[in-house]
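# just the structure for this:
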Amino acid sequence: YGHLTPNTSEGRIATIFYSIIGIPLALLYLTSIGRAMANIFKFIYNRFASYVWHIEAKKYGDSTIRVPVAVTLTFIIFYNALGVFLFSVWEKQWTPIISAYFCFITLSTIGLGDFMFGFDDNHPDPSKQLVGALYLVLGLSVMSMGFNLMKDEIITKYRWVVRRLTKIKRVKPKEPVVEVDSLTELF
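Numbers count the residues shown, from 1 in each chain. As a prediction, the model looks like this:
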């Protein structure tokens, strides 16, 4: 698998060193862009929700602004569907299933490399490659944003459950508890 691969020992060694530096930098980039996009998405969702449901919008930066997991997943699915449509139209030999497979595998960072976009009859099309690359970089950021938003929502739900369980634990029984040493004392 893979369209471009190093063929020489020097090329393979250079790829290893490039990966040692490049992969952590890419993860750092995706994390910071994902966090920034999550904040923007929270702001937009907050404004939209306050307009639709006629509730007072929370102040920007308020940590209580939450986006439901269903909304986040819907946005991610919509973004993937956009890619499926885009690549199905552009790549003449790709079916919608191949396009869906490519988008999911690539945006989930598995990226097997068994399909390459932007080539018509093995001739590169720079405009398609540029738009496709932008779609993929933005898509990885969308995935990072989605993980950030879902993480925030899951942590909030977890804390709510813990608070509820601690309240239940603190409730004292109405009748005193009688300790029994053996079953014969009960009868």
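# residue boundaries of the helices in the chain?
Ranges of helices in the chain, per DSSP state H, are 9-52, 69-90, 96-107, 126-170.
# which strands and helices lie in contact with the longest one?
Pointing back at helix 126-170 there. helix 9-52, helix 69-90, helix 96-107 (3 or more CB pairs under 8 Å, 6 or more residues apart in numbering; DSSP states H and E). Any C-beta I mention is one placed from the backbone N, CA and C, and that applies to glycine too.
# show the average pLDDT along the second one.
Okay, so that is helix 69-90. Taken as a whole, helix 69-90 has an average pLDDT of 94.
# for that helix, buried residues please.
71-72, 75-76, 79-80, 83-84, 86-88, 90 (16 or more other CB atoms under 10 Å).
# could you give the separation of that helix from the chain centroid?
12 Å (CA atoms, centre = their mean, to the nearest Å).
# and it, what does it pack onto?
Partner elements for helix 69-90 (3+ CB pairs under 8 Å, 6+ apart): helix 96-107, helix 126-170.
# contacts for that helix?
The contact list for helix 69-90 (CB atoms under 8 Å, 6 or more residues apart in numbering) reads 41, 45, 94-96, 99-100, 102-104, 107, 117-118, 128, 131-132, 135, 139, 142-143, 146, 149-150, 153-154.
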